[in-house]
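Asker: Next come a sequence and a model predicted from it.
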Amino acid sequence: MTDQATLDAIDKAVKSNDVVLFMKGTPTFPQCGFSSVVVQVLDYLGVEYVSTNVLEDQAVREGIKAYSDWPTIPQLYVKGEFVGGCDIVKEMFESGELRDFMKDNGIALEEA
Ligand SMILES: N[C@@H](CCC(=O)N[C@@H](CS)C(=O)NCC(=O)O)C(=O)O
Ligand code: FES
């Protein structure tokens, strides 16, 4: 069971930054291949984001799954809304949808 304080802290983090990635490890040192894929996609698009390493906080690791009702990590949020995990982000990237989605949400891209 995730307590309300943890859910509130997650809600605040998600809503106070445009792009937020909950991942295992850090962007420079991802500790799981699924998290690594999302980092690569965001970096390729040149999106600025903040990340949270769920391996450093068991409450957040469980809490983020309760918050979104999504069973796994990574989890990407844009403008306070849950976008998806590795599979969804990868599919949206490959179809070009993610680029449009970011632009529609006013997120700056700096593609190479
Ligand atoms: N199909 C998932 C892959 C991610 C996944 O399976 N994550 C697992 C292993 S890293 C997970 O978060 N398990 C729960 C946990 O570790 O707390 C996606 O699209 O994101
Ligand atoms: S940590 Fe093992 S699959 Fe992600």
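Answerer: On my side now, so go ahead. Ligands and ions are numbered 1, 2, ... in the order given.
Asker: Just the strands from this protein, written as ranges.
Answerer: 19-23, 50-53, 75-78, 81-84 (DSSP state E).
Asker: any chance of those in CSV, plus mean neighbour count, distance to ligand 2 and mean pLDDT?
Answerer: Heads up, the C-betas are built off the backbone N, CA and C, glycines and all. Formatted as CSV, those follow (neighbours: other CB atoms under 10 Å; distance: least, CB to the nearest ligand atom, whole Å; pLDDT from 0 to 100):
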stretch, mean neighbour count, distance to ligand 2, mean pLDDT
strand 19-23, 24, 10, 98
strand 50-53, 19, 12, 98
strand 75-78, 24, 13, 98
strand 81-84, 17, 16, 98
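Asker: thinking Q75 is in contact with R61, fair?
Answerer: No. If you go by CB atoms under 8 Å, Q75 and R61 don't touch, sitting 10.7 Å apart.
Asker: So for the closest residue to ligand 1 within the chain, what's the pLDDT?
Answerer: With CB to the nearest ligand atom, the shortest gap between the chain and ligand 1 falls at G85, namely 2.5 Å. pLDDT for G85: 98.
Asker: Who are the contact partners of the closest residue to L55 other than its chain neighbours?
Answerer: With CB to CB, 6 or more residues apart in numbering as the criterion, L55 has its nearest non-adjacent residue at 5.2 Å, and that residue is K24. Applying CB atoms under 8 Å, 6 or more residues apart in numbering, we find K24 in contact with P30, Q31, C32, F34, S35, N53, V54, L55, I73, P74.
Asker: sorry, back to before: now do the residue of the chain closest to ligand 1 against L76, distance only.
Answerer: Per CB to CB, to the nearest Å, G85 is found 7 Å from L76.
Asker: How about Y67?
Answerer: Distance from Y67 to L76, by CB to CB: 13 Å.
Asker: do the same with E94
Answerer: 15 Å.
Asker: now F29
Answerer: Distance from F29 to L76, by CB to CB: 18 Å.
Asker: repeat for T52
Answerer: 11 Å.
Asker: got it, and T26?
Answerer: 15 Å.
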